[in-house]
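Asks: Model the following, please.
(one chain, ligands or ions: 1)
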Amino acid sequence: MNPTLNPLLRRYRAPAGYLLLAVLAYLLPYQLGSYDMHVLDTAFVFGILAIGLGIVMGIAGQINLAQITLMGVGAYTTAVLTTQENYGFWVAAILAVLASGLVGLIIGVPALRVQSHYLGIVTLGLSLAFTDWVTTSTLAGSGSGISGIPVPPLGGIDLSDDYLYYYLELVVFVLSLAFGLFVVRTRLGRRMRAMRDDPLAAGSGGARIPVLRMTAFLLAGLYGGVAGVLYAGLIRFVAPETFSTADMFLLLAMVVIGGRQSLWGCVIGALALSVVQDELTDLSTYAQLGYGIVVVITAVVAPTGLAGLPGRIRPLIRRQREQPALAPFQPYPATAAARETATGRELLRLDAVTMRFKGLTALREVSLSVGAGEIRGIVGPNGSGKTTLFNVISGLYQASQGTVSFADRHVHNLRPYRLSDLGLSRTFQNLRLFRELTVREHVMVGLDRTRPGWAWRYAIWPVGVWRAERRLGAQADELLDRYGLAGFAKATPYALPYGIQRRVELARAMAGEPRLLLLDEPAAGLNATEKAQLVEIVRSIRDHGTTVIIIEHDMGLVMSLCGKVTVLAAGQVIAEGAPADVAANPSVIEAYLGRAAAPRQTDAAEPAPSKTKEPTV
Ligand SMILES: Nc1ncnc2c1ncn2[C@@H]1O[C@H](COP(=O)(O)OP(=O)(O)OP(=O)(O)O)[C@@H](O)[C@H]1O
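Replies: Numbers count the residues shown, from 1 in each chain. Below is the predicted model of the structure:
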């Protein structure tokens, strides 16, 4: 094939695909009878509802078994306002969408305290409460529902005709999907995906986890509201059984089978299953059983659903390509910040910090002072409290006693994202990367310094969001080049060698140009060459103006890198000073109890640590 044709094809493949879809969608009604048209109209309602569920569950990782309720709120609000309060349809529709958004927020409140199946149970409970209420409330027409919802007026177009209603739905559906995809692919959705994969790492990188969770539920509510309004306008009758738990599980099946982490998957699942469900109306008992079996098979065989299948099959059929090598790190240029750190002013101070876990005291009256521009080493035997110290400094744990000050501020009660805003960043002993994000996206999450209020731009000025996104992308590419990761930009890090994963985590931590960087055993699992590169990178980071504290077992690395070392044993500081002095200190030798306390040269790769300790967000 002509080589110039290839990039051209790639460039226009997507627009051509969308154009084809648009033409097919336009022509579809011409092929269908009136009953099928009605089924298709109902399927679109579920498609929009599924986008909302995809965002909250697939993208933000929040289990929501009340999505159908949110549609119910939209439909019932439209019904009550139009039939009992005499509002016009569109005014009622706007209020209904707002009401669903509000109920979405209320349903999301438990997500601030509980997660996973607990959240599922709570949201399911709220959903049952809604069904109960509409069944008994006279306002909601009791069990018999509300009829007589007016046909939505639209400039003389007769929307009581299912064919014409289809085009209204098509427009709303396309806008809903486009907005959903826009959110998912830009910084709000990226942070949500990061939160889904690892809330702790996302929080330490500046993401407001509670706000993100509530935003996801708000969006689920708004999508539910739009679906409810369209349903009310289409059927012009609402009743409790439409928003039942059985339908919620059907919706769940649609999203799981289609692929909950892809909005396209959610939509395809919803449209397909709505049509299948209608075909199987006469076999409804067996159909329910069938859906259940298909969901279980999908969850086991293809956890990412149908939408994820191409991604899983592609590597199997594609010839294994040679993995690109990690390019050399490009040192940072000297900056004004570097001159500031050269003053050596105190940047971090801990005063008598004690950390207790029930019966165990992990840190006992630890006091520490780190000056700007230092590379400080923290060493000590296993279990001496080093990681706990980092968790206290970075806000993952709140000290039982004592105070922590950072850049002349008391920070011992601040959440990780606030500390991140103040310029504190960290890596983790057991690499905390985002499973489904690419290397480039990792760096973009690290670069993203936006505050929660910024999310309003999605509603008010999406063009601004898009422009900011392009700037962020350019910054990310620059950073990837600096860390030698450009060749891996599109890869997901867990598919890469361990040394590259460590580099990705470091690049993510440095993306926000922090004032203080905490490195927790960054050399674990690295070979000798990678360790030498690490030394070079850390020095450059410090020379660029970032103070570094490093926990490390490799004493050779500590000796070559750190100006000063603090030794912990059984949660207490037992020595502090120049590396050579500390290594010769008798109490340090004693604390290591037979381990080589003298400088240890480890050329071979150390095994990666395997323990897991899970602080809460
Ligand atoms: N969340 C927690 N709950 C209970 N105990 C904890 C928790 N986190 C740490 N600990 C305990 O605190 C002590 C210090 O652990 P820590 O991980 O800080 O040591 P460390 O010096 O980092 O060890 P290593 O060198 O093996 O990483 C250990 O006894 C550990 O079991």
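Asks: and residue 478, how many neighbours?
Replies: Residues contacting residue 478 under the criterion other C-beta atoms under 10 Å number 13. The way it works is simple: take the backbone N, C-alpha and C, and place the C-beta from them, glycine included.
Asks: which helices and strands sit right next to the helix or strand containing it?
Replies: Using DSSP states H and E, residue 478 sits within helix 462-482. Applying 3 or more C-beta pairs under 8 Å, 6 or more residues apart in numbering; DSSP states H and E, one finds that helix 462-482 contacts helix 162-185, helix 187-197, helix 439-447, helix 457-460, helix 498-510.
Asks: Next to the ligand, which bits of the stretch 301-450 of the chain? Give me the list.
Replies: Contacts of the stretch 301-450 of the chain with the ligand, taken as C-beta under 6 Å from any ligand atom, map to 357, 360, 362, 380, 382-388, 429.
Asks: Please identify which of the residues you listed is nearest to residue 283.
Replies: Set against residue 283, the nearest of these by C-beta to C-beta is residue 429 (54.3 Å).
Asks: Could you give the bridge partners of the nearest residue to the closest one once chain neighbours are set aside?
Replies: Nearest residue to residue 429, sequence neighbours excluded (C-beta to C-beta, 6 or more residues apart in numbering): residue 520, at 4.3 Å. Beta bridges link residue 520 to residue 551, judged by DSSP bridges.
Asks: Do a quick rundown of the strands in this protein.
Replies: 146-147, 237-238, 346-357, 360-371, 375-379, 401-406, 409-410, 424-426, 516-520, 547-551, 564-569, 572-577 (DSSP state E).
Asks: Mean neighbour count and mean pLDDT for the ones you listed - can I get that in JSON lines?
Replies: Below are the strands of the chain laid out as JSON lines (neighbours: other C-beta atoms under 10 Å; pLDDT from 0 to 100):
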{"stretch": "strand 146-147", "mean neighbour count": "18", "mean pLDDT": "92"}
{"stretch": "strand 237-238", "mean neighbour count": "22", "mean pLDDT": "93"}
{"stretch": "strand 346-357", "mean neighbour count": "18", "mean pLDDT": "93"}
{"stretch": "strand 360-371", "mean neighbour count": "18", "mean pLDDT": "93"}
{"stretch": "strand 375-379", "mean neighbour count": "25", "mean pLDDT": "94"}
{"stretch": "strand 401-406", "mean neighbour count": "18", "mean pLDDT": "93"}
{"stretch": "strand 409-410", "mean neighbour count": "12", "mean pLDDT": "90"}
{"stretch": "strand 424-426", "mean neighbour count": "26", "mean pLDDT": "95"}
{"stretch": "strand 516-520", "mean neighbour count": "25", "mean pLDDT": "96"}
{"stretch": "strand 547-551", "mean neighbour count": "23", "mean pLDDT": "95"}
{"stretch": "strand 564-569", "mean neighbour count": "23", "mean pLDDT": "92"}
{"stretch": "strand 572-577", "mean neighbour count": "17", "mean pLDDT": "92"}
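Asks: Residue in the stretch 151-300 of the chain with the shortest distance to the ligand?
Replies: Distance from the ligand to each residue of the stretch 151-300 of the chain (C-beta to the nearest ligand atom) is smallest for residue 200, at 11.9 Å.
Asks: about what we covered before: now, which of the residues of the stretch 301-450 of the chain next to the ligand lie within helices?
Replies: Among those, the members found in helices (DSSP state H) are 386-388.
Asks: closest to residue 30 among those residues?
Replies: residue 387 (65.2 Å).
Asks: separation between that closest one and residue 562?
Replies: 18 Å (C-beta to C-beta, to the nearest Å).
Asks: check contacts around the residue lying closest to residue 298 once chain neighbours are set aside.
Replies: With sequence-adjacent residues excluded and distances taken as C-beta to C-beta, 6+ apart, residue 298 is closest to residue 257, at 5.2 Å. Taking C-beta atoms under 8 Å, 6 or more residues apart in numbering, we find residue 257 in contact with 269, 272-273, 294-295, 298, 305-306.
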